[in-house]
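Visitor: Structural data only, the sequence is not supplied:
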């Protein structure tokens, strides 16, 4: 999932969806200078990684963020990070006291 | 207590801290299995050597059933100690062995009045999403609270 976000265009898509989603591919490619085909490709990569989800609405497909999964991923890293902080605190106490 | 510098990307966590003891002292606390276990909270069996797999049970109250395994990667005296492990592998019903590991590196450098320790854990991008969800549940179960209690105990003792 994280690897899917390691690309400028994809990050911009995620930002746009988080600011104003759900959005169609037409709206997502507006003013980006990136072709719709390319946007579609990026959205597919993000969908495979569980970051976004496409839904059919009438004749077009609209895309939205899978907020819960993203939140889970960032909370996980925060959690591991917090454990290192605690471990460093114990190491400091062990060495300096 | 001086703040710990913290840097987090999607794939790695980086911590930098200055410890007010000589490099050789930090090195011993990191690379002697017994000393590592004392501050980390695990009773390791065996010695750290490049390529060695060292296992032991956690000593956190309520987590004594959890077996931790450390696969030692590199030992460069007083400079670098690194190992691989399964982060947050604390559910005894799960078999984590087939999952990707993360790499933990401890880098030591001279610092004014002591030793600069940089801890980098990387490889989170490759972990399956289900692991992160699980870790979140485990956190709810209070692992962090236990760690904090232990920290206080160690400081008070």
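Guide: Alright, I've got the coordinates. The shown structure was predicted, so the numbers you read here are calculated from the model rather than taken from an experiment.
Visitor: For the chain, just list every one of the strands.
Guide: I went with chain A, as the question did not name one. In chain A, the segments counted as strands under DSSP state E are A:23-24, A:52-57, A:60-65.
Visitor: You answered for a different chain; I wanted chain B.
Guide: Secondary structure of chain B (DSSP E): strands located at B:5-8, B:12-19, B:42-45, B:53-58, B:67-76, B:80-85, B:102-111, B:114-122.
Visitor: Reformat the strands of chain A as JSON lines; add mean pLDDT and distance to residue A:30.
Guide: To be clear about C-beta, it is placed using only N, CA and C from the backbone, and glycine gets the same treatment. Formatted as JSON lines, those follow (pLDDT from 0 to 100; distance: least, Cβ to Cβ, whole Å):
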{"stretch": "strand A:23-24", "mean pLDDT": "90", "distance to residue A:30": "9"}
{"stretch": "strand A:52-57", "mean pLDDT": "89", "distance to residue A:30": "17"}
{"stretch": "strand A:60-65", "mean pLDDT": "88", "distance to residue A:30": "13"}
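Visitor: Can you convert these into JSON lines and add a column each for distance to residue B:118 and mean neighbour count?
Guide: Listed next are the strands of chain A as JSON lines, based on distance: least, Cβ to Cβ, whole Å; neighbours: other Cβ atoms under 10 Å in any protein chain shown:
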{"stretch": "strand A:23-24", "distance to residue B:118": "41", "mean neighbour count": "16"}
{"stretch": "strand A:52-57", "distance to residue B:118": "35", "mean neighbour count": "14"}
{"stretch": "strand A:60-65", "distance to residue B:118": "34", "mean neighbour count": "17"}
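Visitor: about what we covered before: redo the strands of chain B as TSV? Include mean pLDDT, mean neighbour count and distance to chain A.
Guide: TSV is the format used below for the strands of chain B (pLDDT from 0 to 100; neighbours: other Cβ atoms under 10 Å in any protein chain shown; distance: least, Cβ to the nearest Cβ, whole Å):
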stretch	mean pLDDT	mean neighbour count	distance to chain A
strand B:5-8	55	14	6
strand B:12-19	91	20	5
strand B:42-45	94	17	11
strand B:53-58	94	17	12
strand B:67-76	95	17	12
strand B:80-85	97	18	12
strand B:102-111	96	17	9
strand B:114-122	94	19	6
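Visitor: Including distance to residue A:15, could these go into CSV?
Guide: As requested, the strands of chain B are exported to CSV (distance: least, Cβ to Cβ, whole Å):
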stretch, distance to residue A:15
strand B:5-8, 19
strand B:12-19, 22
strand B:42-45, 41
strand B:53-58, 40
strand B:67-76, 37
strand B:80-85, 34
strand B:102-111, 28
strand B:114-122, 25
